[in-house]
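Student: following is a predicted model, sequence given first.
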Amino acid sequence: MNQIWAIASNTFREAIRDRILYLLLVFALVFIAFAQILSLLTVGSEEKIIKDLGLASISLFGVLTAIFIGVSLVSKEIDRRTIYTIVSKPIHRYQFVLGKYCGLALTLLVNTVVMTFWFYLILLFKGFADPRLLLAVYMIFLELLLVTALAILFSSFSTPILSTLFALSLYLVGHLSWSLNLLRDRLSGGAGRWVCRVLYLVLPNLEIFNIKGEVVHGTALPAGLLLWATLYLAGYGLVVLSAACLIFQRKDFS
Amino acid sequence: MPRMAVALFLGLGLAAAGTSALRVEDLRAGQIPGHHLLYLPSGKYLKAMTFGYSNLAADLIYLWSIQYYSNYQIADRYDYLDRIYRRVIAELDPRYIDPYLVGSMIMSVEADRNDLALRLLDEGIARNPGEWILPFSAGFLCYNTLHDPARARGYFEKVIRIPGAPSVAKRFYAEMFNRLGDKRTSLKYWSEIHETGDSDYVRRVSWLHVHDLSIDVALEDLARQVGAYRQAKGALPRRLKDLVGAGFVPSLPADPEGRDYLYDRATGRVSSQSRRLLESR
Amino acid sequence: MPPVLEISRISKSYRTSFSLRKYWILRDLSFSVEPGEIFGFIGPNGAGKTTTIKLVMDLIRSDGGTIRIFGRSHREVGTKARIGFLPENPYFYDYLTAREFLDFYGRLFGFSRAVREAKTKALLEKVGLGNRGDRQLRKFSKGMLQRIGLAQALINDPELVILDEPMSGLDPVGRREVRDLILSLKQAGKTVFFSTHILSDTEQICDRVGILSKGDLKAVGKVSQLLAHEAKFYEVTFSGLSADGLPGVESVVSRDGGETLVRARDEAAVRALVEAVLRRGGTLKSVAPQRESLEDLFLREIQR
């Protein structure tokens, strides 16, 4: 456990020193600027637009961070051979993978908290604040955790470029898996419907974490959604990370 | 020497880039930024393309549409109203209310396409049954622009069922009956409004209507009874009082100001001595 | 005492992505390293030295054979706790300072903070980086990186130290420092196994060497024993005479101006030759006994 934490905190330190925090500063400034000029552009209330933009930014920045850094975490280490002196120490390989994951999760948490803080501050200032928005941020964070796990999985066996492509593709597909259900309804054959069903269950369903619309419009959320979503993340994430650990366990570092 | 070459290349590059940028700007002057948004696919396919950011996409397209429709130099901009508002923005975020209102306003007022405006508002009403502003806008459009009290009444009926709807909706509703000639029902609703009115203004306004409608309804009733009397007895009654005696009315109503109704036994016409308070419609 | 490191019949092959043909890097390799000795693993580039070391360190898996360290499986975490390793041309997290770097590795071993601080201080001193503790690794020169790498390999006071090309890229001063460090490790009772293609360093400090070429172990054993088979000979330089007709001359090596350099087989031949040169009025320039060097052995073995 200590070793996982050693690697996790080191990963976190690396991300911080990678000057990624500057990105957050850029986010904050751009967001404020846009929020101010918004009133010039719109007819009607600017409240919805500011909220949509804020949540979308937190989500998008988070996903990009998760994918790009998540991929480089393991791939870069293998590429640059910084991994040799670590894996040869008395530490299980799975501890390395988990440590990397926790370090990145921590970085994402800090990113998300800082951005949400700025965002909420601006809303308070304008009088639009709504605590339910924090629920949306929570779900966004769950999604980030899942995307990170996928990025780490791919980077445990693939090159940085391919891993990025895989992870991005899976992110996009994850937001489209609802269309598999639509397709299934249109098909009449048994095999086709079965394939759709299986694909739908196997592919990560990232839309369940998307409650941005409901929160901004003030619609009620289905009872227990947060709980089930957390459970889904825990289960799916467990599977993905286990696979990553397994692959990493058997890997040859030539 | 190399330094001069670098300077030369830089200069050439800047000149080329600058002039061509200006030229392209000219070439595309006829096109509006984001005009390709006009050709967006509609419906579910568009939603798929936004990968979970459909609400934001709706916002951005809406912002763009405002700039687009404010640009009076684009001659054919109204060709795409239905597509942009109903089939794109409404599909991306059906619960975004502003575009329904603004879109229908542009359609009605600027493009003179009230059919599209109502279609858009119907869409919004279907997806947002709890928003009173949408059927209200539709009802007002039918009443004020189309002069179609029947349709307007249908919309206002929806409005008054929605909790939180402003009280003026009921007044419109009541008045639509009047415009359609159903003064009895109109009176009924106006009376309700008067009794439950929560401000002096409402009570005053509603009383004006109740006053006039009472007269109208009473005159209708009396005229009908006069006709019935004539049917039965073969001749017009000599006085209104005869109606009571013959059992056609239980008693003679007084007008809201307490005066009796007038009767001309030569023509059988019933009229009121009190003036209507509201202007003739 | 059992060998510290025992490699039995290790094989390693690889396939390129598009062909099914196997390329054997190592085939049936066996040797062992005894406790307390310095073992030099030498061979030309591409011989498979680094592959062997990676196999020992469980960075890659072998196709067949076994590796035992301290008599146990080389994969066990407990075994790894007793080894120190420095890879070739190492890359480290360059955003860390030297102190943070060693602290991180200390944490991987589970040392407490007090222990880590003490060890870090001692190690930085030991490798000569005592006043660079707070500098980021990205600012280190190659020599300094090598030194911090050694520090990391020693942080757990290992019984077996494995170094892959520890002297590569260092200037002569740096090389000497590494040599001295390795000797001091031996004095402390540790076993050192290192690979190199620089022979002069090896000759001075190794107890035993193994010569690897094209995945095969050509020779292994004590340096003195390996070289003992080689006959000594002498090189004699003189001038003022031609070499023709002189006794004891085995071969003429060179003629340069008036000086002739010849080879004589043994002491008796040298005596006969020297007396003849002096008698005939020539000038004796030098008599130098030559042993065949490790380099000669090496070059010969890799030809086989």
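Tutor: Arrived safely, thanks for sending.

Student: quick check on residue C:242: phi, psi?
Tutor: Note on residue C:242: its backbone torsions stand at phi -90, psi 160 [degrees, to the nearest 10].

Student: skipping adjacent residues, who's closest to it in space?
Tutor: residue C:260 (7.1 Å; CB to CB, 6 or more residues apart in numbering or on different chains). C-beta here means a position set from N, CA and C on the backbone, and glycine is covered the same way.

Student: and the one you found, backbone torsions?
Tutor: Dihedral angles for residue C:260 - degrees, to the nearest 10 - are phi -120, psi 140.

Student: check the one 5 residues further on too.
Tutor: Main-chain torsions, residue C:265, degrees, to the nearest 10: phi -70, psi -50.

Student: the residue of chain A at minimum distance from chain B and residue B:77, how far apart?
Tutor: Minimum separation of chain A from chain B (CB to the nearest CB) falls at residue A:44, amounting to 3.3 Å. For residue A:44, the distance to residue B:77 (CB to CB, to the nearest Å) stands at 19 Å.

Student: those two: who's more crowded?
Tutor: A direct count of neighbours by other CB atoms under 10 Å in any protein chain shown for residue A:44 and residue B:77 places residue B:77 higher, at 21 against 15.

Student: name the residues of the stretch 101-250 of chain B found near chain A, please.
Tutor: B:101, B:102 (CB under 8 Å from any CB of the partner chain).

Student: ranges for the helices of the stretch 101-250 of chain B?
Tutor: Assigned by DSSP state H, counting those that start in this stretch, the stretch 101-250 of chain B shows helices spanning B:114-127, B:133-140, B:149-161, B:168-179, B:183-196, B:200-233, B:241-245.

Student: just the stretch 101-250 of chain C next, same as before
Tutor: With DSSP H, counting those that start in this stretch, the ranges of helices along the stretch 101-250 of chain C come out as C:113-126, C:142-154, C:172-187, C:199-205, C:223-228.

Student: can you list the residues of the stretch 51-200 of chain A near chain B?
Tutor: Counting by CB under 8 Å from any CB, the residues of the stretch 51-200 of chain A near chain B are A:52, A:53, A:56, A:59, A:60, A:171, A:172, A:175, A:176, A:179, A:182.

Student: which of those residues are buried?
Tutor: Neighbour counting by 16 or more other CB atoms under 10 Å in any protein chain shown classes A:52, A:53, A:56, A:59, A:60, A:171, A:175, A:176, A:179 among these as buried.

Student: in helices only, show me those.
Tutor: Mapping those onto helices (DSSP state H) picks out A:52, A:53, A:56, A:59, A:60, A:171, A:179.

Student: between those residues, which sits nearest residue C:170?
Tutor: Using CB to CB, residue A:171 comes nearest to residue C:170 of these, at 46.9 Å.

Student: my guess is that closest one contacts residue A:62. True?
Tutor: No - taking contacts as CB atoms under 8 Å, residue A:171 lies outside contact range of residue A:62: 11.2 Å.

Student: now the stretch 151-281 of chain B against chain A: closest residue?
Tutor: Counting by CB to the nearest CB, the stretch 151-281 of chain B gets nearest chain A through residue B:164, at 13.2 Å.

Student: now do the contacts for that residue.
Tutor: residue B:132 (CB atoms under 8 Å, 6 or more residues apart in numbering or on different chains).

Student: quick one: which two of the buried ones among the residues of the stretch 51-200 of chain A next to chain B are the most distant?
Tutor: Within these, A:53 and A:179 form the most distant pair, 25.8 Å apart (CB to CB).

Student: got a list of what residue 210 touches?
Tutor: Because you didn't say which chain, this covers chain A. Per CB under 8 Å, 6+ apart, neighbours of residue A:210: A:139, A:143, A:175, B:52.

Student: switch to chain C, that's the one I care about
Tutor: Per CB under 8 Å, 6+ apart, neighbours of residue C:210: C:31, C:39, C:40, C:41, C:42, C:217, C:219, C:220.

Student: before we move on, back to that, and which of the contacts of residue A:210 is nearest chain C?
Tutor: residue A:143 (28.7 Å).

Student: for the closest one, grab phi and psi.
Tutor: phi -60, psi -40.

Student: quick one: contacts for residue B:185?
Tutor: Residue B:185 touches residue B:177, counting by CB under 8 Å, 6+ apart.

Student: quick check, pLDDT for it.
Tutor: According to the prediction, residue B:185 has pLDDT 93.

Student: can you check the one 4 residues further on too?
Tutor: Model confidence at residue B:189, expressed as pLDDT, equals 94.

Student: what's the answer for residue C:41, then?
Tutor: Residue C:41 is given a pLDDT of 91.

Student: that one against residue C:50, yeah?
Tutor: No - if you go by CB under 8 Å, residue C:41 and residue C:50 don't touch, sitting 9.8 Å apart.

Student: where do the contact lists of those two overlap?
Tutor: In contact with both residue C:41 and residue C:50: residue C:195, using CB under 8 Å, 6+ apart.

Student: list the contacts of residue B:80.
Tutor: Residue B:80 touches residue B:38, counting by CB under 8 Å, 6+ apart.

Student: between the helices of the stretch 101-250 of chain B, which gets nearest to residue B:66?
Tutor: Using CB to CB, the helices of the stretch 101-250 of chain B put helix B:114-127 closest to residue B:66, at 15.4 Å.
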